[in-house]
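>>> sequence first, predicted model second:
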Amino acid sequence: GAALCGACGAELAPISEQTPRRSGLALASLILGISGLLTFGVTSLAGLVLGIIALVQISSSKGALQGRGLAISGIIVSAVLIFIAPFLLLSAMLFPVFRAVKDNAKKTNCMSNLQSIGVALQEYKLDNRKYPTSLFGEYDAANPKPMDKCSGGLYPEYEKSLDKFTCPVANPENKDGPIPPLASPGFDVFRRVGPDIVNVKVYYYQGDSYDWTDLTGSGPVWATYAWVWAPDEAAVAGYNPNTPPDTAALQTRDFARQFWFDKPESTTVVTWCMNHGSKDGMALVLFLDAKVVLIDKKKMRPTGVGPSPENILYRVLPDNP
């Protein structure tokens, strides 16, 4: 039955119960404050204003509104993000700059490595009256040694720093391990055996960045420093550029640009590095005069590797970027 007044016994009117509701402004304040992480504090400013309004409304609602904790959290989060927003924005703007500076430093370091190798190559030639068959030395599968115990190339007599033979961008799994893996037949290279130039299989060290390269970043690997790359003049046509049209004169010129000859011209390609920039960027190419020139990477890929039909490789010239 109805409730009665204890003093007079009269029936009392029912008291309506009102369920408190959560403040939408408090919730919006917190959401906008957090979203300031993505907007560098722009939405946090709105979140701060809404949080203050929500807190005032909740305080004056006499219990009809809930969400005081949400409003306070929205105010705090918004205020913090408004304070740190300039730093977030500055970091986002400077990150690409720092990345470019770091990449350029590595490229400069690599160019320095190549120039040092070029000077050491000339010193080797003066002492031995011939060029080495590899720049660093070869991995001996029958008697494996770590890189710092290797000999047979420019290291350690003509270039004492082991670091000079590793590109700063390279990250070999095992610098002392062989490339390609021993399960594969090895690199096809030419060597002199008696009076003949014959094809043999060799391995290099993974940490040796300048005797071999990964042409595209995902294979195949390719021997870069080539003591012989064309055993006869007819083989030069296998490295025929797409343009200009190949001629007998060009083939004769490029055939002489090899290290098995006594005096190859100064534009002879020593080696190159393709570790810097994008896949279609520029390669660092070392010539015999110890100059390093930026060459389009597409010109440093053989036919069938990459998007370019050109296959200049060892025939590329320093004035043909």
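Arrived safely, thanks for sending.

>>> could you pull out the strands in the chain for me?
In the chain, the strands defined using DSSP state E lie at 21-22, 65-66, 178-179, 187-193, 196-202, 204-205, 212-214, 221-223, 269-273, 282-287, 292-296.

>>> so which of those strands comes closest to residue 168?
Proximity to residue 168 (CB to CB) singles out strand 269-273 among those, at 10.0 Å. Just so you know, the C-beta spots here come from the backbone N, C-alpha and C atoms, and that holds for glycine as well.

>>> just the mean pLDDT for the closest one, thanks.
In this model, strand 269-273 has an average pLDDT of 96.

>>> same deal with stretch 212-232?
pLDDT averaged over stretch 212-232 gives 84.

>>> what are the buried residues along it?
By 16 or more other CB atoms under 10 Å, the buried positions in stretch 212-232 come out as 212-213, 215, 222-230.

>>> dump these into a markdown table; add distance to residue 178 as well.
As requested, the buried residues of stretch 212-232 are exported to a markdown table (distance: CB to CB, whole Å):
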| residue | distance to residue 178 |
| --- | --- |
| 212 | 11 |
| 213 | 16 |
| 215 | 19 |
| 222 | 16 |
| 223 | 14 |
| 224 | 16 |
| 225 | 17 |
| 226 | 19 |
| 227 | 19 |
| 228 | 22 |
| 229 | 22 |
| 230 | 26 |
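
>>> nearest to residue 189 among the residues you listed?
So of the buried residues of stretch 212-232, ranked by how close each gets to residue 189 (CB to CB), first place is residue 223, at 5.7 Å.

>>> that closest one bridge partners, please.
residue 212 (DSSP bridges).

>>> quick one on the thing from earlier: just the strands of the chain: most buried one?
With neighbours defined as mean count of other CB atoms under 10 Å, these peak in mean count at strand 204-205, which reaches a mean of 27.

>>> packing partners of that strand?
strand 178-179 (3 or more CB pairs under 8 Å, 6 or more residues apart in numbering; DSSP states H and E).

>>> tell me which strands the strand it packs on pairs with, and in which orientation.
Strand 178-179 has its sheet partners listed here by DSSP bridges as strand 204-205 (antiparallel).

>>> gap between the strand it pairs with and the chain center?
Offset of strand 204-205 from its chain centre (CA atoms, centre = their mean, to the nearest Å): 21 Å.

>>> tell me which residues are up against it.
134, 136-139, 147, 150, 175-179, 187, 211-212, 223 (CB atoms under 8 Å, 6 or more residues apart in numbering).

>>> circling back: closest one of the buried residues of stretch 212-232 to residue 126?
Using CB to CB, residue 227 comes nearest to residue 126 of these, at 17.3 Å.

>>> which residues does that closest one contact?
131-134, 189-191, 258-260.

>>> now swap in residue 66 and tell me
Residues counted as contacts of residue 66 (CB under 8 Å, 6+ apart) are 20-23, 58.

>>> want to try TSV for the residues you listed, with distance to residue 49 as columns?
Putting these into TSV (distance: CB to CB, whole Å) gives the following:
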residue	distance to residue 49
20	23
21	21
22	19
23	14
58	15
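
>>> widest-spaced pair of those?
Using CB to CB, these span at most 10.5 Å, a distance reached by 21 and 58.

>>> list the residues that contact both of the two?
Both residue 21 and residue 58 are contacted by 65-66, under the criterion CB under 8 Å, 6+ apart.
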